[in-house]
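1. My questions are about this predicted structure, shown below with the sequence.
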Amino acid sequence: MGITIEDIKKLKELTGVGLTDAKLALVEAAGDFDKALEAMRKKGITKAEKKGDRETREGLIESYVHGNRIGVIVEVNCETDFVARLPEFKEFAHKIAMQIAAMSPKYSTMEDIPAEDYAAKKKELLESDSLKSKPAEMADKIVEGQLKKYFAEQVLFEQAFVLDDSRTVGDIVKEQIAKCGENVRVAQFRRIELGVTE
C-alpha cells in the first residue's frame, strides 16, 4: 500500500504530530492509515498523561444552549493563552459543553466526588438485600463494581462520549492534550434545565 502526502497531512492533523512523525508512523504501519492512526494515538496519549500534572491558568468559558430548554456553561483550562485562542480548542470546549447538556454529569473526575457521597453510596449498596447472603469479601467486590458503574454515569471523564461512544470523555481530553501539547482541564461547569431546580 502506497503512502501519499494526503495521508501524511491527514494523520498530522488528526494527531497533532509533525510531518516526519506522521510519515514514519505510516511507514511502520506499511501504509495502513487506521493502524498508523491507532499507533500515533497511543503514543500521544502516553505523552498526554505525562503532561497531566502541569498547571493550567489559561483557557476559556464556553456555553451551549440546546433547544432553549437546557443551558450549559463550562470552564476549560489550558496552559497558555495561545492554545486558548485556537479554533480547535474552542471546538473541543464546545463538544464538552454538548456532552454536559446531553449526559448531565455531577462531577468532572472521580477525584471530585466528595468522600462522604462515595461512602454513603457504598453503605447503601452494601446494605442491599441481594448482598446480605454473600460472604463479606465477595460483597465488597460486587459493590466496587456497582460503585464504578454508578459513578461512571455521574462523572464527566468516565462517561461515554456522545459523539463517539467507543471512547470516554477522558479519552477525548487526553487526545486534546496530545494535539495541543499542553495540559487541559475541565475546571467547572453548570447545567441548567428549564423547570428543573436542584
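-> Thanks, I have the structure now.

2. what about L60, which helix or strand?
-> strand 58-66 (DSSP states H and E).

3. buried ones in that strand?
-> Buried residues in strand 58-66, counted by 16 or more other CB atoms under 10 Å: 58-60, 62, 64. Placement of C-beta: from N, CA and C, glycine included.

4. residue contacts, the closest residue to N68 other than its chain neighbours?
-> Nearest in space to N68, with sequence neighbours left out and distances taken as CB to CB, 6 or more residues apart in numbering, is L194 at 7.5 Å. Listed by CB atoms under 8 Å, 6 or more residues apart in numbering, the contact partners of L194 are 68-70.

5. can I see the domain layout of the chain?
-> 5-51, 58-108+155-193, 114-154 (automatic domain parsing).

6. what does the host helix or strand of F82 contact?
-> For F82, the element it lies in under DSSP H and E is helix 81-84. Applying CB under 8 Å, 6+ apart, the external contacts of helix 81-84 come out as 58-60, 78, 89, 180-182.

7. Name the helix or strand of this protein that has the lowest mean pLDDT.
-> Across the helices and strands of the chain, mean pLDDT, DSSP states H and E gives its lowest value to helix 33-51, namely a mean of 65.

8. What backbone torsions are found at the residue lying farthest from the centre of the chain?
-> Seen from the C-alpha centroid of the chain, the residue lying at the greatest distance (CA atoms, centre = their mean) is S133, 38.0 Å away. Backbone torsions of S133, given as degrees, to the nearest 10, read phi -90, psi -10.

9. Now do it against D140, distance only.
-> Separation of S133 from D140 (CB to CB, to the nearest Å): 14 Å.

10. Give me the nearest residue to K134, chain neighbours excluded.
-> Nearest residue to K134, sequence neighbours excluded (CB to CB, 6+ apart): I142, at 6.8 Å.

11. hang on, the one you found in a helix?
-> Yes: counting by DSSP: H, G, I helix; E, B strand; the rest coil, I142 is part of a helix.

12. Check whether it really touches P135, as I assumed.
-> No: using CB atoms under 8 Å, I142 and P135 do not qualify as a contacting pair, with a distance of 10.4 Å.
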